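> Sharing a model that was predicted from the sequence below.
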Protein chains: 2
Amino acid sequence: MRTAVNSHFSTTQGSAAQRIESELRRSIIALELPPGSRLSEQDIAERHGVSRQPVREALIGLARTRLVEIQPQRGTVVVKISVRKMMEARFVREAIETAVVRRACSSFDRQSRQRIDDLIEMQEHAARRDDHDAFQRYDELFHIALAEGAGCPLAWEAVQDIKAHMDRVCQLTLPGPEAMLPLIDQHRNIVAAIDARNEDAAAEAMRLHLTEILRALPRVEAEHPELFSA
Amino acid sequence: MRTAVNSHFSTTQGSAAQRIESELRRSIIALELPPGSRLSEQDIAERHGVSRQPVREALIGLARTRLVEIQPQRGTVVVKISVRKMMEARFVREAIETAVVRRACSSFDRQSRQRIDDLIEMQEHAARRDDHDAFQRYDELFHIALAEGAGCPLAWEAVQDIKAHMDRVCQLTLPGPEAMLPLIDQHRNIVAAIDARNEDAAAEAMRLHLTEILRALPRVEAEHPELFSA
DNA sequence: TAGTGGATACTACCATACAAGTGTCGGCCA
DNA sequence: TGGCCGACACTTGTATGGTAGTATCCACTA
């Protein structure tokens, strides 16, 4: 019973490098570190009270998922949001997750099915409390449970990096409960279609859900042009 | 014209860490480092004439794509091939690449279209020379060109990590030209369907292609049980 | 005044040294 | 003889110093 290095979501790990990477990822997604910010190994190291080495490893991890760009001998910056990349990400994510829900219609793990009801409920509470962070956490857990229930946890891993980028937009596009609650309804529609074992309906519900998320993208781009790349 | 950090495929990069990561990844996929091998930062560092630090970063990169597993304070091992993971990987890859070819039917970049013909030709030559390495390289470039031509290079990035695992099986399952040539025919079928702008046919051709690749999986597992996890 | 060349301060990158945890092996004891 | 316990060899993780590359800024020149 060693293993279990990283189950479910990014709870702070043991190693300092992983802790810092999680923390930086959170800050970037929450836009506390806005796109274009310059990151310095030195600064971050001092700020976290550790050496530069773990920070460096953390930045390399973030660079691998394209959240930051390491310019050799120059510096490291938080990458700007690219509308083009965002469209591509949405496309790939739709491909994966629609396939997942189709598969879920054939066979779905009972335990995961139970868990999903709880998650939706808790997510709704978070929305009514207007708690963005919790909302996004439960959203993530919902999609994870979907993938695991369908017997394909690897699908989630493939989606994870992609989702990180989309979450930055969601951070801008969810100003209150009235924007979050519809997404929960969409979740319920997806689950209902799976329960009815209706593949096409489930896939379409998922497609609509993922389309909705980026519907407001042009608006936020117009409102915050400095966060987007040319 | 700085940028261009990593275009097309894994040609050895500037940094030592990236060089070593590419080299290790190649060795693992080629099964020169068989599953279960114990890797030591110290050994690899001495072998490559560098310090432990770049090696460490390389191993972290490989661990992120699940090619190796870093056991803290214990050691690092090449992960064994898991039939279950392989099935999941195939599923996700099919989801992505069928979506890509469907998209390609709507609009496909002319330059990429031209390139694909060349790639197929060169891949056929490699097959007739019985050159596994070149065959797999051109196979990779074929799928890259497909994604880029469809206007979704990000799709390839998502597939890349997944493909690394499948390639280890392919290494075992392709003993000669008679096994490679059918795959090329399948590539031609895919392209033909795209040219005809027949979405369903293209997706089905891709599905068949990806199904074929792992058809011989039970056989190689029986032949080399020591490479697979329980 | 506009343009150019070089010193300087910054960065990521690499090497080395140290710290902390884990499995193993051998001696010791009941 | 079987089981326990501690020293040791090995691993990864972290800290720190030094190196090479790049951009900036300022003095100098045409």
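The structure has been received and is ready for your questions. Residues are numbered from 1 along each chain as shown, chains lettered A, B, ... in the order given.
> which secondary structure element contains residue A:206?
Residue A:206 is located in helix A:199-213, with elements delineated by DSSP states H and E.
> what do you get for residue A:22?
Per DSSP H and E: helix A:16-29 holds residue A:22.
> Same question for that helix: list its buried residues.
Across helix A:16-29, burial judged by 16 or more other Cβ atoms under 10 Å in any protein chain shown covers A:16-22, A:24-25, A:28-29. C-beta: built from backbone N, CA, C; applies to glycine.
> now swap in stretch A:147-156 and tell me
Buried, per 16+ other Cβ under 10 Å, within stretch A:147-156: A:147-152, A:154-156.
> Enumerate the residues of chain A near chain B.
A:2, A:14-15, A:53, A:56-57, A:60-61, A:64, A:71-72, A:85, A:88-89, A:91-92, A:94-96, A:98-100, A:103, A:151-155, A:158, A:161-162 (Cβ under 8 Å from any Cβ of the partner chain).
> Report the angle between the longest helix along chain A and helix A:199-213.
What stands out as the longest helix in chain A, according to DSSP state H, is helix A:83-106. On the basis of axes from the mean of the first three to the mean of the last three Cα atoms, to 10 degrees, helix A:83-106 is oriented at 150 degrees to helix A:199-213.
> how much space between residue A:141 and residue A:15?
Distance of residue A:141 to residue A:15, computed by Cβ to Cβ, to the nearest Å: 24 Å.
> More neighbours: those two, which one.
residue A:141 (18 against 14; other Cβ atoms under 10 Å in any protein chain shown).
> about what we covered before: do the helix holding residue A:22 and DNA strand C meet?
No. Helix A:16-29 does not reach DNA strand C (Cβ under 7 Å from any atom of the strand); its nearest approach is 11.5 Å.
> So for that helix, mean pLDDT?
Throughout helix A:16-29, pLDDT has a mean value of 94.
> Tell me the helices and strands packed up against it.
helix A:41-48, helix A:52-64, helix A:153-173 (3 or more Cβ pairs under 8 Å, 6 or more residues apart in numbering or on different chains; DSSP states H and E).
> again, 6 Å this time
Here helix A:16-29 touches helix A:52-64, going by 3 or more Cβ pairs under 6 Å, 6 or more residues apart in numbering or on different chains; DSSP states H and E.
> Give me the residues contacting the helix it packs on.
A:16-17, A:20-21, A:24, A:41, A:44-45, A:68, A:70, A:76, B:57 (Cβ atoms under 6 Å, 6 or more residues apart in numbering or on different chains).
> residues of stretch A:49-57 that come out buried?
Those would be A:50, A:54-57, for stretch A:49-57 by 16+ other Cβ under 10 Å.
> how big is the angle separating the longest helix of chain A from helix A:153-173?
Going by the same axes, to 10 degrees, helix A:83-106 makes 130 degrees with helix A:153-173.
> Could you list the buried residues of helix A:83-106?
A:85-86, A:88-105.
> do the same with stretch A:189-201
Neighbour-count burial for stretch A:189-201 flags A:189-191, A:193-194, A:199, A:201 (criterion: 16+ other Cβ under 10 Å).
> Okay, and residue A:76 sits in which element?
strand A:75-78.
> Buried residues of that strand, list them for me.
Result for strand A:75-78 [16+ other Cβ under 10 Å]: buried residues A:76-78.
> Let me know how buried residue A:67 is, in neighbour terms.
Neighbour tally, residue A:67, other Cβ under 10 Å: 22.
> returning to what we had before: chain B: which of the buried residues of stretch A:49-57 is nearest?
residue A:57 (6.0 Å; Cβ to the nearest Cβ).
> Now do the same contact list for residue A:127.
Residue A:127 neighbours (Cβ under 6 Å, 6+ apart): A:135, A:177, A:180-181.
> can you check residue A:38 too?
When contacts are counted by Cβ under 6 Å, 6+ apart, residue A:38 touches A:75, A:77.
> For it, report the pLDDT, please.
pLDDT, read off for residue A:38, is 94.
> what's across from it in the sheet?
On the basis of DSSP bridges, residue A:38 is bridged to residue A:77.
> That one and residue B:145, how far apart?
For residue A:38 relative to residue B:145 (Cβ to Cβ), the value is 36 Å.
> Which helix or which strand is home to residue A:69?
Counting by DSSP H and E, residue A:69 is part of strand A:68-71.
> Counting neighbours, show which residues of that strand come out buried.
Under 16+ other Cβ under 10 Å, the buried positions of strand A:68-71 are A:68-70.
> Whether that strand contacts DNA strand D - can you check?
No. Using Cβ under 7 Å from any atom of the strand, strand A:68-71 never reaches DNA strand D; the gap is at least 7.8 Å.
> Can you tell me the SS state at the residue of chain A most remote from its centre?
Here chain A reaches farthest from its C-alpha mean at residue A:73, the gap being 30.5 Å by Cα atoms, centre = their mean. Secondary structure, DSSP: H, G, I helix; E, B strand; the rest coil: residue A:73 is coil.
> So what's the predicted local confidence for it?
In this model, residue A:73 is scored at 89, pLDDT.
> any chance you could read off phi and psi for it?
Dihedral pair for residue A:73: phi 60, psi 10, per degrees, to the nearest 10.
> Around residue A:226, count how many other residues there are.
Residue A:226, neighbours per other Cβ under 10 Å, totals 8.
> quick one, phi psi at it?
Residue torsions, per degrees, to the nearest 10, at residue A:226 are phi -70, psi -10.
> Give me the distance between it and chain B.
For residue A:226, the distance to chain B equals 21 Å [Cβ to the nearest Cβ, to the nearest Å].
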